[in-house]
Structure formats: structure tokens, C-alpha cells
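Peer 1: Starting from these lines, generate the structure:
(one chain, ligands or ions: 1)
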Amino acid sequence: MSNENTKLSNFAVELFKINAVKFGEYKTKVGIMTPVYCDLRVIVSYPKLMLTLAELLTEKLHSIKNIDLLCGVPYTALPIGTAVSLKTGIPMVMRRKEAKDYGTKKLIEGFYKEGDGCLIIEDVVTSGSSILETVNDLVGAGLKCTDAIVLLNREQGGDKILEGNGIKMHALLTISELMQYLKNAKCIDDAMVKKVQDYLASTQVDSNILKKDPVEDRLKLSFEKRIPFTKNLVATELLKIMSSKQTTLCVAADLTNSTDILNLAEQVGPHICALKTHIDIVDDFHENLLKPLKEIADRHNFILFEDRKFADIGKTVELQYSKGVYKISSWAKLVTAHSLCGKGVLDAIKGAEGLENRGVFLLAELSAAGNLIDEAYVKKTLKLAEEYPELIVGLVSQNPLTNNPGLLQLTPGVQIDTKSDNLGQQYNSPEIIVLEKGADIAVVGRGITQSNQPAVAALNYKNILWQAYLNRIKQ
Ligand code: 6AU
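Peer 2: Below you'll find the predicted structure:
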């Protein structure tokens, strides 16, 4: 046995002795039984072994080029990364699992420069998803990630998935090698080796489920090409309207008089994909407003969108959505909802009486200065959205939060020359919100409603927004 192999073999046996690798019958996180269980967390209790590991990894990283920094995948590989950093003198950065403060959005701790090459360090790789999560944040912070060194490759397809995402994995040990060493050292027998091999062969990770996050896809694909990705019928309809009318403009008809709303709808109708209302601000509301409004929407081919921002227990939302004077569910195909109250709100909207085709824009971020939404809330909102694909049309946000081409990003706070109002509203220009903030649909209220010629203003916004979108998908 070569010197290196002897070291690895001894190391494998030590891992076995400290129960970092166990053989028997164990339940995995997803509930299936596995004959091999790896828990490298215990290694922190064995500093000598940690040092050996750091030496082995250090030898491994010599063949890898362009390493300016190291980053251990949280949490198990954090101390391992530290040990390697101490051994090699290569500085380290740390990725937070949750940003500590939304305002500073500091996901990566430590000093680094844009373009620095960062080597990933991980303990065990099954699918490679934890590495990819870390890579996503590092790349988002401007670092380059091309390689990962890992202690153990479980040989369940993770290396291929990582490769498909531009990351080359260098493993100290594959599980087959580990078992070979342990068998030679009489820690396990042939029957166990066979059992583990069979188990691994039958539990290969489907590489399709971890395909590279389509980061570019939503922002680079044309609306037409995104249609097949939609799961909600109103989203499909919206994309069709946007493509055929060449508009991403949604006018916020925040007017308090029925006649003014109808006049506005008539004037801006040819230039918009949706008309957004706050129906509860209309002084003279009567259900008679709805028939002509629907007629204008049908004639000009745009969608009626009530910005109700539901945020209550499910039962109350169900009533607010379908009952009362407004009976929103009977005329607004689109509504907004806060994620604050969780699933109940979405279940209520899904199950209430009303129009068959309905969709929700879920609020993930707000344009209001000093709002209380933080990064953890945003993440949870995205997760909630994923759980209701057939109901969620997209997200209301100020930043590109999703790469899913089937979801639409609706962004309010848009004006050409104004930066804010006196009540905390914050504005960006139409170009910025499309090119930098990732908006698919732009909500413009006062920029149009307060203009002397709303039709002219709407056409202007529509053209600027459309041009920005064309530039975005061309890039
Ligand atoms: O262009 P404005 O400022 O006149 O109007 C913006 C419109 C208003 C707000 O209620 C709404 O956009 N809005 C929304 C939503 C969901 O549309 C979310 C948000 O974060 N900020 C915001 O202004 O009708």
C-alpha cells in the first residue's frame, strides 16, 4: 500500500472507531432505511483526527489552481475548513445560512475581493445540494467557485450533479474505498459491503432535480417562451397578453371615484396587461361599477387585479375574498396576499367561491421605506409560493428573488422622475426595475394617474418598460 493509501486507510478506520461512519440499519432524514450512516460532526471531539483530516485535505488541494479563499459548507465543514486554513495559511470566508440583518444582507463573512477563487470544503456529498447552496451565495457575492474538496463521496450521483453545475469534486474517499479499507481492517464483512453497494445503486439521486438553478432563465427568456413553465392559468393568460400587446405595464388605479376609474381604464386599457385596484378606497362604490369595468377589461384585453393584500386567518380571508359589498372573487382574477399568516390564506383563496381562474401575487418584499420584512421572511415566502404552484402567479418584490420562469415578478414603486413620496413610498425608474431589479410586470400608479394625459403617460411607460425588457432578454 502506498504511503498515502496507508494514511487514508488508517484514517478510515479511525472514522469507524469514533462512529462517524456506522453500518447497520438507520433511518435517513427522508424516512428510508440505510445500511450506512455518516455523521462527521463528531470529528470536532477528536482534534488529532481533525489534524489528520486537515493534512489529507491540504495534500489534496495542491493540484487545484486559483485558490484565494476557502469556505466550509455550514455547519459540519466549518471547523474542517478552519483546520485546513490554519494548515495552509489560505484565508477563509464563512457563509451564513441566514443573513444576520436584511439591511446589510451580509451572507458572506470575512474579507474577500470580487473575482477571488474560493475552494469549497465539505464533509459528505450525497446529491451535492448543500455545496450548490453555498456556491450560489458565494457566486452571488462575486466570488469564483470551480472546485470542492470533500471528505467522503457517497457515490450517489453528487459528483455528476456538481459537475453539471460547473463544480469539480475532489474526494479523499469514495464510499467504496472506505468500505474496502474497513473490510481489509476487518471492521466490516463482505456481506455488509454488498448490502451497502446494493443500497447505493438503488438510491442514486436524479440529476434532473438538481439541475442548475435557472438563474438566467426567468430574466433571459422571452415571455412567450415562459408560457409552458406556468402552472397557474392566470399566469398563462398574463404572459399571453404581455406578449401580444407588448406591454408589461400594470396601472394602479388608486382613484376614489367610480367614473374616474372607468375613464382611466378606458384610456390606459390599450397599453396595459392588468389594472390594479384598491376597491375599498372608492367613495361611491356600487356593484354597478364592476360590469362596465369588466367590459373595458375584455375589450382591451387586460386583467382585473384587486390589490387586497390579504393577511388574516384563513376563514376571515375566505369571507373578505368572496363576501361583503366587494365580492372580490367574482370579478378580480388576480389578488395580492401577504405570506405572514401562512398557508391558511392561500387555502382560503383557493377554496372560496368565485371565478374559476384565479391567481395570487404573493408579497415577498415591499417598496415602503422601513418596512419590517427581513431576509428570513423572504425565504419563507418563497417556500410558501413553491407549495402552491397552481395558485401562485408570482411574487411582489423589489428584487429578483426567483429564477423560476413560470413565476412572474410584479414590482411596484415605479416612476420616471420621482424618487419618493412623503409617506415612505420609494421609486425606481422603469429601466432599473426591469434591468437591475428583475421586474416582469411594473406597477405604476401616480406616475400615470396624476398625469394630465394618462393615456400618453401610460404609452410612454409601456414603451420604456418594453424596450428595457427586450434589452434584458437580448443580453
Ligand atoms: O405608483 P404609486 O406609488 O402611486 O402606487 C403604487 C401602488 C399602490 C400600492 O398599494 C402598490 O403599488 N404597492 C404594492 C402592491 C402590491 O402593488 C406593493 C408594494 O410594495 N408597494 C406598493 O406601492 O397601489
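Peer 1: Pro430 is in contact with Ile416, correct?
Peer 2: Yes - using CB atoms under 8 Å, Ile416 is in contact with Pro430, at 6.8 Å. The C-beta positions use only the backbone N, C-alpha and C, and glycine is treated the same way.
Peer 1: okay, and the common contacts of these two?
Peer 2: 461, 464 (CB atoms under 8 Å, 6 or more residues apart in numbering).
Peer 1: Can you pick out the residue with more neighbours from these two?
Peer 2: Set Ile416 next to Pro430 and count neighbours by other CB atoms under 10 Å: Pro430 wins out with 28 against 14.
Peer 1: Return the residues in contact with the more buried one.
Peer 2: 414, 416, 442, 444, 461, 464-465, 468.
Peer 1: so which two of those are the farthest from each other?
Peer 2: Val444 and Ala468 (13.3 Å; CB to CB).
Peer 1: List the beta-bridge partners for the residue in the stretch 101-250 of the chain positioned nearest to the ligand.
Peer 2: Residue nearest to the ligand within the stretch 101-250 of the chain (CB to the nearest ligand atom): Cys250, separated by 8.2 Å. Beta-bridge partners recorded for Cys250 (DSSP bridges): Ala274, Val443.
Peer 1: For it, give me the pLDDT.
Peer 2: Per-residue pLDDT puts Cys250 at 98.
Peer 1: That one reaches Asp307, doesn't it?
Peer 2: No - assessed by CB under 8 Å, Cys250 is found out of contact with Asp307, at 9.7 Å.
Peer 1: Mind listing the shared neighbours of these two?
Peer 2: Lys276.
Peer 1: More neighbours: the two, which one.
Peer 2: The residue with more neighbours, out of Cys250 and Asp307, is Cys250; 29 against 24, by other CB under 10 Å.
Peer 1: tell me the contacts of that one?
Peer 2: 272-276, 305, 410, 441-444.
Peer 1: Check the residues you listed one by one and keep those near the ligand.
Peer 2: 443-444 (CB under 6 Å from any ligand atom).
Peer 1: The contacts of Cys250 into CSV, with extra columns for neighbour count?
Peer 2: Formatted as CSV, the contacts of Cys250 follow (neighbours: other CB atoms under 10 Å):
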residue, neighbour count
Ile272, 29
Cys273, 29
Ala274, 26
Leu275, 26
Lys276, 25
Phe305, 29
Leu410, 28
Ile441, 27
Ala442, 29
Val443, 23
Val444, 28
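Peer 1: Quick one: list the elements packing against the helix ranked longest in the chain.
Peer 2: When the chain is parsed with DSSP state H, its longest helix is helix 454-474. If contacts are counted by 3 or more CB pairs under 8 Å, 6 or more residues apart in numbering; DSSP states H and E, helix 454-474 sits against helix 215-220, strand 249-252, helix 258-268, helix 430-435, strand 441-444, helix 446-449.
Peer 1: Let's see that with 7 Å instead.
Peer 2: strand 249-252, helix 258-268, helix 430-435, helix 446-449 (3 or more CB pairs under 7 Å, 6 or more residues apart in numbering; DSSP states H and E).
Peer 1: what about Val335, how many neighbours?
Peer 2: For Val335, using other CB under 10 Å, the count is 23.
Peer 1: pretty sure Leu69 is touching Tyr112, no?
Peer 2: Yes - with contact defined as CB atoms under 7 Å, Leu69 and Tyr112 form a contacting pair (5.8 Å).
Peer 1: Need the residues touching each of those two.
Peer 2: Residues touching both Leu69 and Tyr112 by CB atoms under 7 Å, 6 or more residues apart in numbering: Val93.
Peer 1: who has more neighbours, those two?
Peer 2: Using other CB under 10 Å as the criterion, Leu69 and Tyr112 rank with Leu69 on top: 23 against 19.
Peer 1: which element is the residue lying closest to that one once chain neighbours are set aside on?
Peer 2: Leaving aside its chain neighbours, Leu69 sits nearest to Cys118 (4.4 Å; criterion: CB to CB, 6 or more residues apart in numbering). In this structure, Cys118 sits in strand 118-125 according to DSSP states H and E.
Peer 1: Please apply the same query to Tyr181.
Peer 2: Counting by DSSP H and E, Tyr181 is part of helix 175-184.
Peer 1: Following element in sequence after that helix, please.
Peer 2: Past helix 175-184, the next helix or strand by DSSP H and E is helix 190-202.
Peer 1: helices or strands up against that next one?
Peer 2: Using 3+ CB pairs under 7 Å, 6+ apart, helix 190-202 sits against strand 33-38, helix 175-184.
Peer 1: my read: Arg218 touches Pro405, true?
Peer 2: Yes - using CB under 7 Å, Arg218 is in contact with Pro405, at 4.6 Å.
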